[in-house]
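Asker: just need the structure, nothing else, for what follows:
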Amino acid sequence: MQPYQIWLIAAIVLIIFEICSATFGAICFAIGAGFSALAAGLGANLTWQIVIFAIASMLIFIFLRPFMMKFMDRKSKDVKTNADALVGRKAVVSERIDAAQHTGRVAVDGDDWKAVTADGSVIEKGVEVEIVKLDSIILTVKQINQ
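Answerer: Presented below is the predicted three-dimensional model:
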């Protein structure tokens, strides 16, 4: 087996590992292995192949990985998921909301949630409200002025 083939196999294994981990660490070494495969194909000896692998991996790790991690982190903050996605949505009061009697439930997307009002007011059953806050499993709502 030729040295360039070994480097290519190493690059493929590292790419597969990167797909499983998504940390942008293994891909840096996979790119370094790709450069070493190119050097081996052009006739570089083993010492130069290792030097090229180390330098390329280090440069990719220093310059590309921080950019990719910042890009991935930015995208994850833009999208609200699960219960956090309820804030700002509209719901319908399914049980009268009254803080004095410790009652109140709202229905949103077919789910029934315990609810309290933001200002302590009483809201009757059937009224449309907006969800303003989520505290564990209790929604804080305000009446929508119609």
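Asker: so which elements touch the helix or strand bottoming out on mean pLDDT in the chain?
Answerer: Within the chain, no helix or strand scores below helix 46-78, which has a mean of 83 by mean pLDDT, DSSP states H and E. Packing contacts for helix 46-78, counted by 3 or more C-beta pairs under 8 Å, 6 or more residues apart in numbering; DSSP states H and E, involve helix 3-21, helix 26-41. C-beta here means a position set from N, CA and C on the backbone, and glycine is covered the same way.
Asker: export those as CSV, with columns for distance to A91.
Answerer: Output for these, formatted as CSV (distance: least, C-beta to C-beta, whole Å):
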stretch, distance to A91
helix 3-21, 39
helix 26-41, 44
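Asker: A100: which of the ones you listed is closest?
Answerer: Closest approach to A100 among those (C-beta to C-beta): helix 3-21, 53.3 Å.
Asker: in that closest one, what's buried?
Answerer: Neighbour-count burial for helix 3-21 flags 3-4, 7-8, 10-11, 14-15, 18 (criterion: 16 or more other C-beta atoms under 10 Å).
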